[in-house]
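Undergrad: Sequence and computational prediction follow.
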Amino acid sequence: MLSIRSFAGSLIALGLCWPVPTLAADTGAAVKKGAEYLESQFARGGEDASRYKVGSPALAGIALLESGVKPDSPGLAAIIKTMRAEALAQTETYPVALSILFFDKLAEKTGENTDIATIQHLGVRLYAGLNATGGWGYSTWDAMSAQELQRVTAALRKDELTTKPAEKPNDAPKKPDDGFLKPGTTPVPANAAKIHPEAARLLLNVQQAIKARGRGGVGGFDDNSNTQFGLIGLWVASRHGVPANDAFALIEARFLRSQGRQDFGWTYTPSLGGLGNSTPSMTCAGLLGLAVGAGSRNALIAEAKKPAESTKPTDDDPFTNPKGKPAKPAANTIAGKPAELALMSMGKFLAGARPNGQANGFAGLTNFIGSGNVYYLLWCVERVGMAYGLDTIGDIDWYEWGCGYLLPAQGQDGSWADTSYGSVINTSFALLFLTKSNSVRDLSNKIKGKVRDPGKTELRAGAGSTPALFAPPPKEGDKPETKPDTKLGGPGFTLPTVLPPNEEAEIQKISTTLTTATDDNWKTKLDEARDAKGSKWTRGLVFACGNLDAEKKREAREALADRLTRMTAKSLREMLGDPDAELRRAACLAAGMKEEKLLIPALIERITDPSEIVVRAAKASLKAMSQADFGPSVGADEESKIKAAATWRAWFEALPK
């Protein structure tokens, strides 16, 4: 199929029309007009940044810098002034990460090191906010007192960098007092590049706290949207000296663990992935998570100059398996590299949302991401394309695809407007796409050419073709289509569904209500979560279980299991394969409480579950239905679990049919 550019060129060559403006000319004009709009908003002080704190000016500042606007222009100068005054007071993941990206881009464009120490200090805060599951929530750092903020600000300005930080994050300084660190100050960690003494002291405190208490994160609840901003911000901070390889390993493990086994994408939270709830923007987040994990240790699919025949994945192939023993593909799933599988599904999405009446057309974008998020999605696609060094995704020119939406959508004043994020945010996202902004340029150098566009290469499938990642929203009354699975031996494939636009926020609200309930209203709130109708209550209860004290957690788990006894065997079977161990555990118990014997094969599968709480629940239900005990014992190793599962299967097969 000819692209827009190829088609126009063909007409010109045949003499059938006058030369038409090239895509580059069209986008150049759109960028100029959009930049003028952003510049005017900040030059006249008309942009209210209070809604997104410094996130709005930071994002706009990056877009202006990428658009070629000079730092001394009135609008950009106003942004720089705001950022330098307010960035260090930020505590939330979005504004902290965007502040890092802004100062990094400013340093890149000007060659100045004025804000490098600020990048390092904010980077340590991001590092501290990462939780044990490799994710970030809205908060990454506790607020500082006015006195502490004043002290830190003064300290960072007093001891400015005199040389550029090392390009490689792992380069250690030659001496602890080589003109950067003064004698007697806190020593720089051994695995750090040059880092400001104030940031070094903070880093040591954070590392000691993590070593003593583990990673708790800040605020409990996390999501993949905050996480993708956090991981990009941390990657940039690591380029400026903040050592974070352990964090990148956690992030990579998070996304490998939570990648959908049927649709190969990711959703807003890991617990919502794996059963058809993936979204395109969060799938881009997952792809970036895999990239930083791989890039941080320089262990890629193949070395750039390795012979072509050496394409067999290795044990520590970062785009295939987490470091260590390679994972075996589950039954009825497609074997392949996780990054390429996700890209393949993204290609299906791009093919299904195109202009000129093809497939769903661009109007179909709102079927997947809700009104107001189109520009955010486009930026996500652009970042993946640039980070991986891909011109096409699914054999579709992603840049031309996005321009097909953006160019006609630009307003007369140069902005891109809607009712969600506001014109400044949306215009910034649009400009970042059009200018092909890339904050992780060093990461791109590490992984470019290591992952191919699966649309241009054959990706072998284990059984059948890959299901589409993004299906249109089901019509009212429609039932999900499933593959036949008469034995109920494991999770069947359900076509992807799309969450209502506000459901994710409602899930978080339910979880927060439970975790913040007082002793006086705890029972009332718990009973409501147990009895109310709707899947959001199930998910809200699941999330709450991970953030409650021991007694309330026990009660919440009982309520969750009770709630699931109302589910059908088919629904319980799907829950038994959910990525969230808490939901798998509850489904196991509910199956036993219902004495649902059709689910015995699925319960036996859970005997080898990686989570001990799920194994114990599966065994308890099997014992209750069989009046026998074939193991495994508490804390059994993998071999013992496999033997126990085999014994349970032999018992089940011997039952009269």
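TA: Perfect, I can see it now. Please read all numbers here as calculations on a predicted model, not as lab measurements.

Undergrad: mind listing what the residue nearest to Asn438 when sequence neighbours are not counted touches?
TA: Distances taken as C-beta to C-beta, 6 or more residues apart in numbering place Met386 nearest to Asn438, at 4.2 Å, with adjacent residues excluded. Where you see a C-beta, it was placed from the backbone N, CA and C, and this is true even at glycine. Contacts for Met386 (C-beta atoms under 8 Å, 6 or more residues apart in numbering) come out as 436-438, 440, 444.

Undergrad: pLDDT at Met386, what is it?
TA: pLDDT for Met386: 93.

Undergrad: picking up where we left off before, show the buried residues in the contacts of Met386.
TA: Neighbour counting with 16 or more other C-beta atoms under 10 Å marks 437-438, 440, 444 as buried within these.

Undergrad: Looking at pLDDT only, which of those scores worst?
TA: Ranking these by pLDDT, Ser444 lands last with 84.

Undergrad: so that one sits right up against Tyr388, yeah?
TA: Yes: here Ser444 lies in contact with Tyr388, judged by C-beta atoms under 8 Å, at a distance of 7.4 Å.

Undergrad: that older thread, and which of the contacts of Met386 is nearest to Asp453?
TA: Of all these, Asp453 sits closest to Ser444, with 14.9 Å by C-beta to C-beta.

Undergrad: That closest one and Phe248, how far apart?
TA: Ser444 sits 15 Å away from Phe248, going by C-beta to C-beta, to the nearest Å.

Undergrad: try Ala387
TA: Going from Ala387 to Phe248 by C-beta to C-beta gives 14 Å.

Undergrad: more crowded one of these two?
TA: Ala387 (26 against 23; other C-beta atoms under 10 Å).

Undergrad: Just say helix, strand or coil for that one.
TA: The three-state assignment at Ala387 reads helix, by DSSP: H, G, I helix; E, B strand; the rest coil.

Undergrad: how about it, what does it touch?
TA: Ala387 touches 287-288, 291, 438, 440, 443-444, 447, counting by C-beta under 8 Å, 6+ apart.

Undergrad: from these, which ones fall inside helices?
TA: The helices, defined by DSSP state H, take in 287-288, 291, 443-444, 447 from the contacts of Ala387.

Undergrad: quick check, nearest of those residues to Glu198?
TA: Using C-beta to C-beta, these come closest to Glu198 at Leu443, 26.6 Å.

Undergrad: Quickly note the distance from the closest one to Gln208.
TA: Computed as C-beta to C-beta, the Leu443 to Gln208 distance reads 29 Å.

Undergrad: okay, those two: which has more neighbours?
TA: Just comparing Leu443 and Gln208: by other C-beta under 10 Å the higher neighbour count belongs to Leu443, 25 against 10.

Undergrad: okay, now Ala132: neighbour count?
TA: 12.

Undergrad: my read: it touches Arg215, true?
TA: Yes: counting by C-beta under 8 Å, Ala132 touches Arg215, with 4.3 Å between them.

Undergrad: Overlap in contacts, the two.
TA: Jointly contacting Ala132 and Arg215 under the rule C-beta under 8 Å, 6+ apart are Leu250.

Undergrad: check contacts around the residue nearest to Asn245 when sequence neighbours are not counted.
TA: Nearest non-adjacent residue to Asn245, counting by C-beta to C-beta, 6+ apart: Ser296, 4.9 Å away. Counting by C-beta under 8 Å, 6+ apart, Ser296 touches 238, 244-245, 248-249, 252.

Undergrad: What is the most widely separated pair among the residues you listed?
TA: Farthest apart among these by C-beta to C-beta are Ser238 and Glu252. That separation is 13.9 Å.

Undergrad: Mind picking out the helix or strand in the protein with the poorest mean pLDDT?
TA: One helix or strand of the chain scores below all others by mean pLDDT, DSSP states H and E: helix 4-13, with a mean of 38.

Undergrad: before we move on, what SS does Thr133 have?
TA: Per three-state DSSP, Thr133 ends up coil.

Undergrad: That one reaches Ala247, doesn't it?
TA: No: with contacts counted by C-beta under 8 Å, Thr133 stays clear of Ala247, the gap being 12.0 Å.

Undergrad: which other residues reach the top helix by length along the chain?
TA: If you go by DSSP H, the chain has its longest helix at helix 23-43. With contact meaning C-beta under 8 Å, 6+ apart, helix 23-43 is reached by 4-5, 46-47, 57, 60, 63-64, 67-69, 73-76, 78-79, 400, 403, 406-407, 410, 413-416, 423-424, 427-428, 430-431, 434-435.

Undergrad: Could you pull out the buried residues of it?
TA: 23, 26-28, 30-31, 33-43.

Undergrad: what's the closest non-adjacent residue to Asp609?
TA: Val615 (5.2 Å).

Undergrad: Alright, calling it a day.
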